[in-house]
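In: Task: produce atomic coordinates for the following.
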Amino acid sequence: MKIVSACLADYKCNWKGESKPNEKVMKLVKRGEAIPVCPEQLGGLTTPRPAAEQKGDKVFTIDGKDVTQYFVRGAHEVLRIAVIYNCTEAILKSKSPSCGCRQIYDGTFTGKLIKGNGITADLLVANGIKVYTEENFRL
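Out: Numbering: from 1, shown residues only. I've put the predicted structure just below:
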């Protein structure tokens, strides 16, 4: 069983209230091999919501509001689900402040990428779950 970002499974849950459908991810969910989750919604954020990026170990919206607590809460909910369902892998949305793996936006809202993981990706990795993005996973 895998955890997947719900937006990749065609759920309209990203910050704009849109999805980012990925055919391979959608097939995994349809076959019952993956559980779609949105850490930001699980953490208590609305959809749509203001754009957010990580700056250091905090997450801020484009208008400067610190939303770190929501991202952390959502990450822990995703981990809880992963543990319940014995998930060993996750396929998460690239570059996201929650789900990004190996690359995230730098917190300046200019489109610049830096090395790093989103809050959820980081927690899953720390707990032994292999994390991929829609750009680098294989079935």
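In: Just the buried residues of the longest helix seen in the chain, please?
Out: For the chain, the longest helix by residue count, based on DSSP state H, is helix 68-84. Within helix 68-84, the residues scored as buried using 16 or more other C-beta atoms under 10 Å are 68, 70, 71, 72, 73, 74, 75, 76, 77, 78, 79, 82. Yep, even glycine has a C-beta here, placed from its N, CA and C like the rest.
In: mind listing what the first one touches?
Out: Right, residue 68. By C-beta atoms under 8 Å, 6 or more residues apart in numbering, the residues touching residue 68 are 57, 58, 59, 60, 119.
In: Okay, residue 45 and residue 68: tell me how far apart.
Out: Residue 45 sits 11 Å away from residue 68, going by C-beta to C-beta, to the nearest Å.
In: what separates the spatially most central residue of the chain from residue 132, distance-wise?
Out: Centroid-nearest residue in the chain: residue 99, 2.6 Å away (criterion: C-alpha atoms, centre = their mean). Using C-beta to C-beta, residue 99 is found at 10 Å from residue 132.
In: list residues touching both of the two?
Out: Common contacts of residue 99 and residue 132, defined by C-beta under 8 Å, 6+ apart, comprise residue 92.
In: What residues does residue 60 make contact with?
Out: Residue 60 neighbours (C-beta under 8 Å, 6+ apart): 52, 53, 66, 67, 68, 107.
In: Could you do residue 13 as well?
Out: By C-beta under 8 Å, 6+ apart, residue 13 lies in contact with 6, 7, 19, 38, 40, 41, 47.
In: Going through the residues you listed, which ones are buried?
Out: Buried among the contacts of residue 13 by 16+ other C-beta under 10 Å: 6, 7, 19, 38, 40, 41, 47.
In: Just the buried residues of stretch 31-51, please?
Out: Buried residues in stretch 31-51 (16+ other C-beta under 10 Å): 34-43, 45, 47, 49.
In: Distance from the chain centre to that stretch, please.
Out: Distance of stretch 31-51 from its chain centroid, counting by C-alpha atoms, centre = their mean, to the nearest Å, is 8 Å.
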